[in-house]
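1. predicted structure and sequence below. I'll ask about it afterward.
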Amino acid sequence: MVTVAVPLQRDVVNWDEYIGRFEAPQDVELRPRASGAIDQILFADGQRVQQGQPLFIIDPRPYRAAYDQARAQLGRAQASVTNAESELARAKTLLESQAISREEFETREAAARTAIADLAAARAQVRTAALNLGFTVVRAPISGRISDRRVSRGNLVQDGQTVLTRIVSIDPIWFTFDGAESFYLKYLREDASGERRSSRDAPNPIEIQLADETGFRWKGRMAFVDNAIDTNSGTIRAHAVVANPTGFLTPGLFGRARLLGSGTYRAMLVPDEAILADQTRKLVYVLAADSTVVPRPVVTGPPVEGLRVVREGLKPSDKIVINGLTRLQPGMKVQANLTKLTPRAPDTAPGAPTVTTPPSAEAKAS
């Protein structure tokens with residue numbers, strides 16, 4: 001006596017699993033743009049900071065003095081221009097009355113042009129001095145979480161050399177992983193057939209589970225697939241963008257992800273214990289019309305509702321042996337007890353997004 005059942009039918013979507021880590025989209029090693037002694041430190045180690053927030057103040061007195069000197073030079077240059085233009089105007093009047101030579105007039109004209117050029121240089125010096133003075137306030141270049149301070153108050157820092165601290169952006173955050181070449185080829189063919197769009201062109205959904213979690217609670221969208229396969233590992237780099245408003249996700253965290261791996265297709269569901277392994281094949285026993293059992297090769301998929309997806313090899317009307325398989329031999333006549341399969345677990349798989357057919361080559365060219 002064996003137990004048989006007709007497989008359940010469901011519309012399912014395949015989700016491919018990957019291992020990866022969270023990564024900061026922006027990672028800044030903060031260095032000063034002015035040299036001098038640290039005068040103030042304006043943040044607490046490890047806090048969240050906003051772009052533009054003051055973090056360090058370098059002693060501004062030498063730079064303020066240089067700025068005041070540049071302003072004074074600017075005033076002197078402006079006075080020289082006023083004087084040179086006045087002398088040029090008088091020389092023009094004298095030239096018209098032939099009281100001075102043409103050579104002397106051109107000399108005063110050249111002096112006026114030189115004074116104007118000196119004024120432009122003085123203005124540039126003021127702008128440079130103002131920039132240098134502004135650089136004494138070291139501000140956060142990005143929003144994110146700051147590390148600890150690498151210098152203390154009173155330390156001398158060098159322009160472009162001394163590391164002050166490090167800031168990483170955390171919202172949004174990237175989930176970075178490597179995909180096998182076989183998966184990459186599968187996605188290319190699905191994109192070409194219109195079954196599933198490439199993650200290069202579409203924000204395909206991805207769900208992530210942390211090391212201490214049982215469910216895939218973190219949701220994201222694919223944003224990047226690299227332009228080449230690593231010849232050493234046979235994998236290709238990719239990342240998804242994940243919202244992280246609370247800052248819970250931290251760069252470097254390990255995660256297990258499932259990525260949309262196919263379009264929607266009709267599949268049969270059977271219990272795992274009904275599937276036997278025969279070297280490289282998977283088999284199920286099907287009850288024939290004459291009450292004999294026949295082995296049938298099948299192609300399996302992921303678990304859904306506590307049962308196993310069978311992608312190929314079964315028909316909706318097939319009666320599958322689900323109990324008593326250890327005593328069976330191909331062609332054996334059996335007494336069968338028909339039962340009905342029911343889901344063994346809730347369906348936790350995410351729904352399939354709408355898949356649109358990609359434009360043709362002609363449309364892309366146009």
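-> Nice, I can see it.

2. quick one, longest helix in the protein?
-> Identified as the longest helix of the chain according to DSSP state H is helix 61-96.

3. ok, and what's touching the one helix or strand Ile206 maps to?
-> Using DSSP states H and E, Ile206 sits in strand 205-210. Identification of contacts with strand 205-210 by Cβ atoms under 8 Å, 6 or more residues apart in numbering yields 15, 175, 215-222, 240, 242, 253-260, 350, 353. (C-beta placed from N, C-alpha, C; glycine too.)

4. ok, stretch 112-128 next?
-> 67, 70-71, 73-74, 76-78, 80-81, 83-85, 87-88.

5. and stretch 223-241, how far apart are its ends?
-> 6 Å (Cα to Cα, to the nearest Å).

6. one more: stretch 305-325?
-> 23 Å.

7. circling back to that earlier point, what subset of the contacts of strand 205-210 is buried?
-> 15, 175, 216, 218, 220, 222, 240, 242, 253, 255-260, 353 (16 or more other Cβ atoms under 10 Å).

8. show me which pair in those is furthest apart.
-> Across those, the longest distance by Cβ to Cβ is 26.1 Å; it joins Leu253 and Pro353.

9. does Leu314 touch Arg296 like I think?
-> Yes - under the criterion of Cβ atoms under 8 Å, Leu314 makes contact with Arg296 at 7.0 Å.

10. tell me which of those two has more neighbours.
-> Leu314 (21 against 16; other Cβ atoms under 10 Å).

11. now the phi/psi pair for that one, please.
-> Dihedral angles of Leu314 (phi, psi; degrees, to the nearest 10) stand at phi -120, psi 150.

12. ok, Arg237 - how many residues close by?
-> Arg237 has 17 nearby residues by other Cβ under 10 Å.

13. just want the angle from the helix or strand where it lies to strand 205-210.
-> Assigned by DSSP H and E, Arg237 falls within strand 235-242. Counting by axes from the mean of the first three to the mean of the last three Cα atoms, to 10 degrees, strand 235-242 lies at 90 degrees to strand 205-210.

14. isn't Leu283 right up against Pro297?
-> Yes - here Leu283 reaches Pro297: they are 5.9 Å apart, a contact under Cβ under 8 Å.

15. of these two, give the one with the bigger neighbour count.
-> More neighbours surround Leu283 than the other of Leu283 and Pro297, with 18 against 11 (other Cβ under 10 Å).

16. poorly predicted segments of the stretch 101-250 of the chain, please.
-> Residues of the stretch 101-250 of the chain meeting the criterion pLDDT under 70: none.

17. surely Thr300 meets Ile275?
-> Yes - using Cβ under 8 Å, Thr300 is in contact with Ile275, at 6.4 Å.

18. give me the common contacts of the two.
-> 282, 308, 310.

19. so the spatially closest residue to the last one that is not a sequence neighbour, which of the three states?
-> Right, Val310. Residue nearest to Val310 in three dimensions, not counting chain neighbours: Met268, with 4.4 Å by Cβ to Cβ, 6 or more residues apart in numbering. Here Met268 is recorded as strand under DSSP: H, G, I helix; E, B strand; the rest coil.

20. what of the one 5 residues further on?
-> Using three-state DSSP, the secondary structure recorded for Glu273 is helix.

21. okay, it and Gly324: tell me how far apart.
-> 10 Å (Cβ to Cβ, to the nearest Å).

22. more neighbours, these two?
-> When neighbours are counted by other Cβ under 10 Å, Gly324 comes out ahead of the other of Glu273 and Gly324, with 17 against 11.

23. against Val2, how distant is that one?
-> In terms of Cβ to Cβ, Gly324 sits 4 Å off from Val2.

24. hey, what's in contact with both of the two?
-> Common neighbours of Gly324 and Val2 (Cβ under 8 Å, 6+ apart) are Val334.

25. any idea how far Ile229 lies from Val242?
-> 24 Å.

26. and Leu314, by the same measure?
-> Distance from Leu314 to Val242, by Cβ to Cβ: 37 Å.

27. from the contact counts, what lies against the host helix or strand of Trp174?
-> With elements taken from DSSP H and E, the one containing Trp174 is strand 173-180. For strand 173-180, the elements it packs on are strand 15-23, strand 218-225, strand 235-242, strand 254-260, judged by 3 or more Cβ pairs under 8 Å, 6 or more residues apart in numbering; DSSP states H and E.

28. and these: which comes nearest Ser199?
-> For the helices and strands packed on strand 173-180, proximity to Ser199 was assessed by Cβ to Cβ; strand 218-225 is nearest, at 3.8 Å.

29. report the distance from that closest one to the chain centre.
-> 7 Å (Cα atoms, centre = their mean, to the nearest Å).

30. so Arg258 touches Ile19, yeah?
-> No - using Cβ under 8 Å, Arg258 is not in contact with Ile19; the gap is 11.1 Å.

31. on that earlier part again, looking at the shared contacts of Thr300 and Ile275, which is nearest Asp45?
-> Taking Cβ to Cβ as the measure, Arg308 is the one of the shared contacts of Thr300 and Ile275 closest to Asp45, at 51.1 Å.
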